[in-house]
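In: Sequence first, then the predicted structure:
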Amino acid sequence: MSVVVRSAEQMEDQPLLPQLIQRHGALLLRLAQRQVGPEAAQELTQQTLAWLAERQKDWAQLEEAPLAAYLAAAVQRQSAALRRQVQEEQSWRTQPTEELACPGPSLEEQAILGQQKQALAKIWPRLPEEDRLALEAKYILQLDDRQIARQLGIKPASVRMRLTRARRLARKEMEKEGWGE
């Protein structure tokens with residue numbers, strides 16, 4: 001099976017992407033097949049490659065084992081996003097009109113969440129890579145401790161400590177930026 005990137009611009013803007021595809025394209029496709037089955041694996045692989053193209057600086061210097069874990073997490077992340085998208089599309093078709101009138105958090109809650117996201121986005125690059133991977137696995141991919149341990153190559157008992165330290169460091173960095181004072 002071959003992996004094709006949709007945009008030629010991605011190839012030009014991301015010089016390491018062709019190397020990644022050549023070395024790990026088959027792995028990405030196998031991971032995608034496990035997540036969504038053979039019929040949707042190509043689409044998931046494409047979506048994952050587009051996501052990876054935007055984050056080349058995050059994975060470009062990784063060695064083989066951490067890179068494989070990062071790629072697996074990326075496929076899982078995109079699979080979860082794809083599932084959410086399908087669920088949202090289906091829920092819009094089936095929800096009563098009253099529920100559609102005021103979905104989600106209030107405007108005040110949205111403003112606070114937006115500020116939190118901005119503060120977190122600002123400090124995210126300053127967090128160590130292993131902390132970012134642990135937090136992404138827990139809160140974005142919603143993996144359990146055992147799955148996170150497998151992804152990070154650590155003991156399951158170490159996951160809670162890693163997450164606690166990562167959250168503490170993120171909170172500390174956000175406070176330096178003026179959030180939470």
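Out: Received it, and whenever you're ready, just let me know what you need. From a predicted model like this one, the values you see are computed outputs, not experimental measurements.
In: can we go C-alpha only for contacts and neighbour counts from here?
Out: OK.
In: Kindly tell me how buried residue 152 is, as a neighbour count.
Out: Counted with other C-alpha atoms under 10 Å, the neighbours of residue 152 add up to 19.
In: What is the neighbour count of the closest residue in space to it that isn't next to it in sequence?
Out: Spatial nearest neighbour of residue 152, excluding adjacent residues (C-alpha to C-alpha, 6 or more residues apart in numbering): residue 69 at 6.7 Å. Residue 69: 17 surrounding residues under other C-alpha under 10 Å.
In: What's the per-residue pLDDT of residue 69 here?
Out: Note on residue 69: pLDDT of 83.
In: Could you name the helices and strands sitting against the helix or strand where it lies?
Out: Assigned by DSSP states H and E, residue 69 belongs to helix 64-94. Packing partners of helix 64-94 (3 or more C-alpha pairs under 8 Å, 6 or more residues apart in numbering; DSSP states H and E): helix 17-36, helix 38-54, helix 145-152.
In: what do you get if the cut-off is 10 Å, keeping everything else the same?
Out: helix 17-36, helix 38-54, helix 56-59, helix 97-101, helix 129-135, helix 145-152 (3 or more C-alpha pairs under 10 Å, 6 or more residues apart in numbering; DSSP states H and E).
In: before we move on, back to that, surely the residue nearest to residue 152 touches residue 154?
Out: No - assessed by C-alpha atoms under 10 Å, residue 69 is found out of contact with residue 154, at 11.7 Å.
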